[in-house]
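Undergrad: Based on what follows, work out the 3D shape:
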Amino acid sequence: MPNIKSAIKRVKQTTKKQTSNSHEKATMRTAVRKADFAIDNNEDNKNDLVKHAIKLTDSAARKGLIHKNNAARTKSRLTKKAL
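TA: Okay, here's the model as predicted:
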């Protein structure tokens with residue numbers, strides 16, 4: 001555990017941001033999985049789920065949680081599979 005005040009603050013900020021980032025990445029992955037499952041089972045709401053997954057993927061890429069090419073690849077796979 002750090003003794004310097006700025007280091008203590010940095011540890012707090014890092015852990016807070018880490019939990020936020022991990023939650024957002026998990027939410028994105030869940031949305032992609034749900035959309036993929038809906039496409040496989042040809043559900044009625046598959047288009048809405050794909051749009052939501054793409055929105056979350058773009059958001060994660062914009063914030064730097066995932067690489068932009070990873071986001072593009074994920075979106076491409078979903079839309080190709082949805083057609």
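
Undergrad: from here on, contacts and neighbour counts on C-alpha atoms
TA: OK.

Undergrad: tell me which element Gln13 is part of?
TA: In the assignment (DSSP states H and E), Gln13 maps to helix 5-40.

Undergrad: packing partners for that helix?
TA: When contacts are defined as 3 or more C-alpha pairs under 8 Å, 6 or more residues apart in numbering; DSSP states H and E, helix 5-40 packs onto helix 46-63, helix 68-82.

Undergrad: rerun at 7 Å
TA: helix 46-63 (3 or more C-alpha pairs under 7 Å, 6 or more residues apart in numbering; DSSP states H and E).

Undergrad: Please report how far the most centrally placed residue in the chain lies from Val50.
TA: Centroid check for the chain by C-alpha atoms, centre = their mean gives Met28 as the closest residue, at 3.0 Å. To Val50, Met28 is 11 Å away according to C-alpha to C-alpha, to the nearest Å.

Undergrad: ok, now Lys63?
TA: Taken as C-alpha to C-alpha, the span from Lys63 to Val50 is 20 Å.

Undergrad: Neighbour count for these two, which is higher?
TA: Neighbour tally, Lys63 and Val50, criterion other C-alpha atoms under 10 Å: the higher count belongs to Val50, 23 against 12.

Undergrad: What residues does the more buried one make contact with?
TA: Ala35, Leu78 (C-alpha atoms under 7 Å, 6 or more residues apart in numbering).

Undergrad: returning to what we had before: correct me, but the residue nearest to the centre of the chain touches Leu56?
TA: Yes. In this structure Met28 lies within contact range of Leu56 using C-alpha atoms under 7 Å: 5.4 Å.

Undergrad: Can you get me a residue count around Lys25?
TA: Count around Lys25 with other C-alpha under 10 Å applied: 19.
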